[in-house]
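Novice: Next comes the sequence, and after it the predicted model I'd like to discuss.
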Amino acid sequence: MSVSHAGPVTEGPAVTTRGLRKTYRTVRGRRVAVHGLDMDVPAGGVHGFLGPNGSGKTTTIRMLLGLVRPDRGDVQIFGTPVPKRLPEVIDRVGAIVESPKFFPTFTGARNLALLAQAIGTPQERVGEVLDEVGLGTRGKDTFRSYSLGMKQRLAIAATLLKSPDLLIFDEPTNGLDPAGIHEIRQTMRRLADQGRTVLVSSHILSEVEQIADTVTIIGRGRVLAQGSVAGLIGGGGESVEVGVSHPGAAARVLRDAGFTVDWRALPQGEDAAEALARADRAEESGLLTVTGAQPAEITRLLAGQGLWVERLVPSRRGLEQIFLELTGDDALPSTLGEQEGAA
Ligand SMILES: Nc1ncnc2c1ncn2[C@@H]1O[C@H](COP(=O)(O)OP(=O)(O)OP(=O)(O)O)[C@@H](O)[C@H]1O
């Protein structure tokens, strides 16, 4: 049985942050973890909060939940300013920030029953939430017999006891195997399809891309891109991997036709034009990434110049590629963040 959820009564976004900033004091000075973050999470659907390790996701989530005090900036949950008026909306929010503690020798159902009692939720909810996360038939098994994916689904079930409109999950698939990751993804998608808002953070952009409706991508505490997944991925057009003889000549032909061409095998420090000319002289084959052209067009253009295509693979641009395009090599995952005054 699946339980439908009426969804939020309030119009407007589930979460907004404006100019949100958090600095930590460390032995090496002050570290800016979140750098004036403006985030909009629409009500309903899965919103991926994505960025590399250390980019400020957990700190932001902790500020949304009133667990960390921002230096400055505003946060609203369903239009209510937090942490100032958090008690007014807290019942509408369920969150997993750290792994919750369950009794290993108790059944999943008994663990939830104890929690329901503690928070004053009717015991009927226990069966309902177990169904909602797909554990309806396993509620009578002990917690310790569960797989990691099932344990994480029980944690999600616990957050559902209060019937929240907004669910916030910080890296919920960390440490899970592919089957566990799949279970959690399906569960989050199902919860969103029932009308809830699921805000989920992850450092694996491709993982959340498959189930998210909208995303905020951050790097070093700043928003790099925000919006619908379809809009972000569609924005730059499809790309095609082209294996070709004389890649230098092929790149010129394709660039002259107005397409963007990259050569993936460019040796570090070498000038692209020189490297391609060298490959041509040596009659080496090369792999080019061509954006904005259809495979048939590429074949026609290159064959017209006597250049033979050896391999042609259309590839979809993903969020990971968008992240790399936005940041360039120098902004790749940083675990240190920025020092105060450096930006
Ligand atoms: N309590 C703290 N004291 C000092 N620095 C901190 C503290 N918590 C986080 N940081 C630093 O703030 C930055 C952002 O960390 P945060 O945990 O928010 O990032 P994250 O994106 O959630 O990373 P991860 O995916 O690794 O959890 C990092 O540079 C981190 O080292």
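Specialist: Perfect, I can see it now.
Novice: ok now do Ala293, which residues does it touch?
Specialist: Ala293 makes contact with Val240, Leu254, Ala257, Phe259 under the criterion Cβ atoms under 8 Å, 6 or more residues apart in numbering. All C-beta spots, glycine's among them, are computed from the backbone N, C-alpha and C.
Novice: Nearest to the ligand among those residues?
Specialist: Distance to the ligand, by Cβ to the nearest ligand atom, is smallest for Val240 among these, at 32.8 Å.
Novice: circling back to that earlier point, check the contacts of Ala293 and tell me the two furthest apart.
Specialist: Val240 and Ala257 (13.1 Å; Cβ to Cβ).
Novice: more crowded one of these two?
Specialist: Neighbours were counted for Val240 and for Ala257 using other Cβ atoms under 10 Å; Val240 has more, 21 against 16.
Novice: where does that one land in three-state SS?
Specialist: For Val240, the assignment made with DSSP: H, G, I helix; E, B strand; the rest coil gives strand.
Novice: beta partners of it?
Specialist: Bridge pairing for Val240 (DSSP bridges) gives the partners Val290, Pro314.
Novice: Go ahead and confirm it touches Arg316.
Specialist: No: applying Cβ atoms under 8 Å as the test, Val240 and Arg316 come out as separate, 10.5 Å apart.
Novice: thinking again about what came up before, among the contacts of Ala293, which are in strands?
Specialist: Val240 (DSSP state E).
Novice: Name the nearest residue to Val68, sequence neighbours excluded.
Specialist: Closest residue to Val68 in three dimensions, ignoring its sequence neighbours and counting by Cβ to Cβ, 6 or more residues apart in numbering: Arg62, at 3.9 Å.
Novice: Am I right that the one you found is in a strand?
Specialist: No: assigned with three-state DSSP, Arg62 falls outside any strand and is helix.
Novice: give me the number of residues near it?
Specialist: For Arg62, the neighbour count with other Cβ under 10 Å is 19.
Novice: what separates it from Leu302, distance-wise?
Specialist: Per Cβ to Cβ, to the nearest Å, Arg62 is found 53 Å from Leu302.
Novice: Please apply the same query to Leu86.
Specialist: 61 Å.
Novice: what's the closest non-adjacent residue to Leu67?
Specialist: Distances taken as Cβ to Cβ, 6+ apart put Val97 closest to Leu67, at 7.2 Å, once the chain neighbours are dropped.
Novice: Arg62 is in contact with the one you found, correct?
Specialist: Yes: if you go by Cβ under 8 Å, Val97 and Arg62 touch, sitting 6.8 Å apart.
Novice: how far out from the middle of the chain is the helix or strand where Ala251 lies?
Specialist: Ala251 is part of helix 247-256 when elements are defined by DSSP states H and E. Computed by Cα atoms, centre = their mean, to the nearest Å, the chain-centroid distance of helix 247-256 equals 35 Å.
Novice: Now do Ser145: how many residues are near it, please.
Specialist: 12.
Novice: Check the one 3 residues further on too.
Specialist: Counted with other Cβ under 10 Å, the burial measure for Leu148 works out to 18 neighbours.
Novice: For it, list the residues it contacts.
Specialist: Contacts for Leu148 (Cβ under 8 Å, 6+ apart) come out as Gly175, Leu176, Asp177, Gly180.
Novice: and it, what are its phi and psi?
Specialist: phi -60, psi -40 (degrees, to the nearest 10).
Novice: my read is Ala212 is in a helix, agree?
Specialist: No: read with three-state DSSP, Ala212 is coil and lies in no helix.
Novice: Not counting sequence-adjacent ones, nearest residue to it?
Specialist: Gly48 (3.7 Å).
Novice: Please save the CA atoms from the host helix or strand of the one you found in PDB.
Specialist: Gly48 belongs to strand 45-50 when assigned by DSSP H and E. The C-alpha coordinates for strand 45-50 follow below in PDB (Å, rounded to 0.1, in the frame of the first residue of the first chain):
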ATOM      1  CA  GLY A  45       9.900  17.200  -6.500                       C
ATOM      2  CA  VAL A  46      13.500  16.100  -5.900                       C
ATOM      3  CA  HIS A  47      16.100  19.000  -5.600                       C
ATOM      4  CA  GLY A  48      19.700  17.900  -5.800                       C
ATOM      5  CA  PHE A  49      22.100  19.900  -3.700                       C
ATOM      6  CA  LEU A  50      25.400  19.000  -5.400                       C
END
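Novice: So what's the residue count around Ala109?
Specialist: Neighbours of Ala109 (other Cβ under 10 Å): 22.
Novice: what about it, distance to Phe143?
Specialist: For Ala109 relative to Phe143 (Cβ to Cβ), the value is 10 Å.
Novice: try Asp71
Specialist: Asp71 is 40 Å from Phe143, by Cβ to Cβ.
Novice: which of these two has more neighbours?
Specialist: The residue with more neighbours, out of Asp71 and Phe143 and counting by other Cβ under 10 Å, is Phe143; that gives 18 against 15.
Novice: For this protein, which residues are neighbours of the ligand?
Specialist: For the chain, the residues in contact with the ligand (Cβ under 6 Å from any ligand atom) are 24, 26, 31, 33, 51, 53-59, 203, 336-337.
Novice: of those, closest to Asp193?
Specialist: Top of the list for closeness to Asp193, among those and by Cβ to Cβ, is Lys57 at 24.1 Å.
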